[in-house]
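Colleague: this one's structure only:
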């Protein structure tokens, strides 16, 4: 919707980024992955014809948890049949690696950054996406991020990152969250926003995480920025 016919493509992209970029780095168990990646991944296929989008995560397991849900939706939901995205849905859905090509020209690809591999981020090479969605962004590696610098559309792309605020030393996510210009794009929500949250649930979480003042509670329930919390907690 953020489009002005008086502006060129690059200027219009900046408008779309203002509306579409988000860094949802919040507490656990509030639905970030489902709404942010599964929901957005499906919506991208429907509403963005003629572009390439990318869904990514730091390893195969976490990428598959997202890509399988999107693939199942495209293959089975009547909405895609009604909108004539394709005939014989299963023929257009690839799973390993994730790849969906719609009749109206949207190509969605999945990329595993492979942060524990010998060459993290190599699979970002050769991609020209205009929408980029990444789950568990706190695990993004320095090497993988550097390989992603020249991937994506040459005009830039909408960036949507999701994860918990476990900031690692020298991490790409830490740079994003500490940059003042990104403040309007950052979503930070605690578990308190859940509709089932009450005093009993809080008492349970406090006990499980070892007290309200523990780093694990601050990170996973409150959503505070905590550097290296997962390592110290483990």
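Modeller: Structure received. Please read all numbers here as calculations on a predicted model, not as lab measurements.
Colleague: can you give me the helices in this protein?
Modeller: 9-20, 32-33, 40-47, 60-76, 78-82, 142-147, 172-178, 199-208, 215-217, 229-233 (DSSP state H).
Colleague: could you list every helix and strand in contact with the shortest one?
Modeller: Meaning helix 32-33. Helix 32-33 is packed against strand 158-163, with contacts defined by 3 or more C-beta pairs under 8 Å, 6 or more residues apart in numbering; DSSP states H and E. The C-beta positions use only the backbone N, C-alpha and C, and glycine is treated the same way.
Colleague: list of residues touching the strand it packs on?
Modeller: With C-beta atoms under 8 Å, 6 or more residues apart in numbering as the test, strand 158-163 has contacts from 16-17, 20-25, 32-33, 36-37, 40, 130-139, 173, 176.
Colleague: can you pull the contacts of the residue sitting nearest the centre point of the chain?
Modeller: Centroid-nearest residue in the chain, with C-alpha atoms, centre = their mean: residue 134, separated by 3.0 Å. By C-beta under 8 Å, 6+ apart, the contact set of residue 134 is 55-57, 140, 160-163.
Colleague: scan these and report the most crowded one.
Modeller: Comparing the contacts of residue 134 by number of neighbours (other C-beta atoms under 10 Å), residue 56 comes first, having 30 neighbours.
Colleague: how much space between it and residue 103?
Modeller: 25 Å (C-beta to C-beta, to the nearest Å).
Colleague: likewise residue 139?
Modeller: 35 Å.
Colleague: look at these two and report which has more neighbours.
Modeller: Shown here are residue 139 and residue 103; by other C-beta under 10 Å, residue 139 has more neighbours (22 against 12).
Colleague: neighbours of residue 107, how many?
Modeller: 17.
Colleague: need the contact list for it.
Modeller: Here residue 107 is in contact with 51-53, 99-101 (C-beta under 8 Å, 6+ apart).
Colleague: fine, thanks again, bye for now.
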